[in-house]
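how does the following fold in three dimensions:
(2 chains)
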Amino acid sequence: AQSVTQLDSHVSVSEGTPVLLRCNYSSSYSPSLFWYVQHPNKGLQLLLKYTSAATLVKGINGFEAEFKKSETSFHLTKPSAHMSDAAEYFCVVSDQDSGTYKYIFGTGTRLKVLA
Amino acid sequence: EAQVTQNPRYLITVTGKKLTVTCSQNMNHEYMSWYRQDPGLGLRQIYYSMNVEVTDKGDVPEGYKVSRKEKRNFPLILESPSPNQTSLYFCASSYRVDTEAFFGQGTRLTVV
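Numbers count the residues shown, from 1 in each chain, chains lettered A, B, ... in the order given. Next comes the predicted model:
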């Protein structure tokens, strides 16, 4: 069965320093992987997605993620945090399970950016 | 503009009073789903629909019903709401289940 683990429930960084949000997944087949961002009192917005093309995926607002099959990881990074990056981030795996496709969310990582 | 529209955005109701949360998408997507979001649990899928008249249970379907009579609409029905259904609900649609999902703005439901 598929699952997604976001290794940190909260991450704090200073403005201008790198961001790393960690995500591990388990999957029986070739998954599609996504990162979504949720700003306070807002819906979810797609940051980036991996669908078996290039393993390094670039997204919006300077974020990128690298798919590492050997480590079953899909960590989200950004070289320099901005105050506007403060939000909750969700890692999602879409995969087949017993003939049906599932779209499974991690429990989220809340990113705090300090001035 | 491509969008998923949920209504209402906020709802306070009493235990046992039937309610419906509407969801509509204008992107001709086949796949639609409902999620509830609770602190520390992320988003959990309630029901999903692969196409018109095709619906199936997600991970937390108890106490909910859905219908998909038209491609664009996917209402969520709580026949007899209970306080443990107090949550933030999101509707989403996508072209296929393994493609980008578009989310509504959410419905914050409180059952007292």
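
is A:T72 in contact with A:Y25, as I believe?
Yes. Using C-beta atoms under 8 Å as the test, A:T72 is close enough to A:Y25 to be in contact (5.6 Å). Every C-beta, even on glycine, is put in place using the N, C-alpha and C of the backbone.

those two: which is more packed in?
When A:T72 and A:Y25 are compared on other C-beta atoms under 10 Å in any protein chain shown, the one with more neighbours turns out to be A:Y25, at 21 against 15.

in the helix or strand that that one is a member of, what counts as buried?
Assignment of secondary structure by DSSP states H and E places A:Y25 within strand A:23-26. Neighbour counts using 16 or more other C-beta atoms under 10 Å in any protein chain shown place A:23-25 of strand A:23-26 among the buried residues.

what comes into contact with it?
Where contact means C-beta atoms under 8 Å, 6 or more residues apart in numbering or on different chains, the residues beyond strand A:23-26 that reach it are A:1-7, A:31, A:33, A:35, A:71-76, A:91, A:93, A:106.

near chain B too, which of those residues?
Intersecting the contacts of strand A:23-26 with the surroundings of chain B, defined as C-beta under 8 Å from any C-beta of the partner chain, gives A:G106.

among the contacts of strand A:23-26, which lie within strands?
Judged by DSSP state E, the contacts of strand A:23-26 include A:3-6, A:33, A:35, A:73-76, A:91, A:93 as members of strands.

re earlier: from the buried residues of strand A:23-26, which single one is nearest A:K112?
Among the buried residues of strand A:23-26, A:C23 lies closest to A:K112 (C-beta to C-beta), at 18.1 Å.

beta partners of the closest one?
Applying DSSP bridges to A:C23 yields these beta-bridge partners: A:Q6.

could you do A:T77 as well?
According to DSSP bridges, the partner residues bridging A:T77 are A:L20, A:E64.

pretty sure it contacts A:T17?
No. Contact criterion C-beta under 8 Å: A:T77 and A:T17 do not qualify, at 11.7 Å.

contacting residues for the spatially most central residue of chain B?
The residue lying closest to the centre of chain B (C-alpha atoms, centre = their mean) is B:W34, at 3.1 Å. Contacts for B:W34 were tallied using C-beta under 8 Å, 6+ apart; they are B:23, B:45-48, B:58, B:64, B:66, B:74, B:76, B:89-92.
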